[in-house]
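J.: Got a sequence here, can you model it:
(chains A and B)
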2 protein chains.
Amino acid sequence: MRVLLETTYGDLNYRGTNERGQSIQMSGSKEAVSPMETVLLAAAGCSSIDVEMILKKMRQEVNSISVVIDGTRADEVPAVFTKIHLHYIINGNVKEGKARKAVEMSMEQYCSVSMMLAKSVEITHSFEVISPGLNDNI
Amino acid sequence: MRVLLETTYGDLNYRGTNERGQSIQMSGSKEAVSPMETVLLAAAGCSSIDVEMILKKMRQEVNSISVVIDGTRADEVPAVFTKIHLHYIINGNVKEGKARKAVEMSMEQYCSVSMMLAKSVEITHSFEVISPGLNDNI
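T.: Below is the predicted model:
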């Protein structure tokens, strides 16, 4: 797998591009997402893709998945993450037991990004299922 | 540090947003950069920002920095990276010794992203300096 990073404009601004020509912007001067924010998003993205695929294989009806990711950084340099918490919000007709199983399978077996980070960072997770049927009687 | 990931449209497509409202797109269905590509770009982004800042502190004239990043993945699941190589291309009036020092300082002391990955992945690097003066006589 090959990707390319390049200076765009001004100070500390970069564009990263993959072999299909798709790109993301990153910045060290607050003009775009920072590399450390990007790592948190990559971990959540990798895992959400797993969870979505696993739940669909389980014939659950997933409308959307959101993840709130909190990263705690070391005080000294390098300011690596010491803890990462992922909170999954799964919207759809999804059984809670299936959601738990899907999230656990991702975090323990499939998600390459969090597996790599877990060698040096404590990664925890929680989840909730929001069923569209819940509001039907309101 | 908090970031949010959300389903956008279709299957396996996500948008990640930071607290300033800046975002990146990721996809598990080839419609945007993948999470594993994103991790490689975050490592290079983090390090390029270091290198740019260090070289500017060394009063070197940096025009642009590009990084070609190659990631080798495990054959089995989880298909984590086993090796990552970063090749820095530094354009500007930059002394080679200063460039070497800047890249080494980033990889060995400052770059939080590669420090975290280095616990589980073999990370190597190389660099070249392209001086604008080189073509003056052609």
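J.: okay, CA-based contacts and neighbour counts for the rest of this
T.: Fine.
J.: isn't A:Asn91 right up against A:Leu55?
T.: No - with contact defined as C-alpha atoms under 8 Å, A:Asn91 does not reach A:Leu55; the gap is 11.5 Å.
J.: Need the residues touching each of the two.
T.: Residues touching both A:Asn91 and A:Leu55 by C-alpha atoms under 8 Å, 6 or more residues apart in numbering or on different chains: A:Val62.
J.: outside of stretch A:41-48, which residues touch it?
T.: By C-alpha under 8 Å, 6+ apart, stretch A:41-48 touches A:65, A:67, A:69, A:86, A:103, A:106-107, A:110-114, B:3-5, B:12, B:14, B:16, B:26-28, B:34-36, B:38-39.
J.: center of chain A, which residue is that?
T.: Note on chain A: the residue nearest the mean C-alpha position is A:Ala44, at 0.9 Å, using C-alpha atoms, centre = their mean.
J.: And that residue, what's its pLDDT?
T.: For A:Ala44, the model assigns a pLDDT of 98.
J.: before we move on, what SS does it have?
T.: helix (DSSP: H, G, I helix; E, B strand; the rest coil).
J.: any idea how chain A splits into domains?
T.: A:1-33, A:35-130 (automatic domain parsing).
J.: what separates the residue nearest to the centre of chain A from B:Thr38, distance-wise?
T.: A:Ala44 sits 11 Å away from B:Thr38, going by C-alpha to C-alpha, to the nearest Å.
J.: before we move on, what about A:Lys98?
T.: Using C-alpha to C-alpha, A:Lys98 is found at 28 Å from B:Thr38.
J.: which of the two has more neighbours?
T.: B:Thr38 (29 against 16; other C-alpha atoms under 10 Å in any protein chain shown).
J.: Not counting residues beside it along the chain, what's closest to that one?
T.: A:Ala42 (6.0 Å; C-alpha to C-alpha, 6 or more residues apart in numbering or on different chains).
J.: ok so, going back, mind putting the domains of chain A into JSON lines with distance to B:Lys119?
T.: Output for the domains of chain A, formatted as JSON lines (distance: least, C-alpha to C-alpha, whole Å):
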{"stretch": "domain A:1-33", "distance to B:Lys119": "20"}
{"stretch": "domain A:35-130", "distance to B:Lys119": "6"}
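J.: I appreciate the help and will end here.
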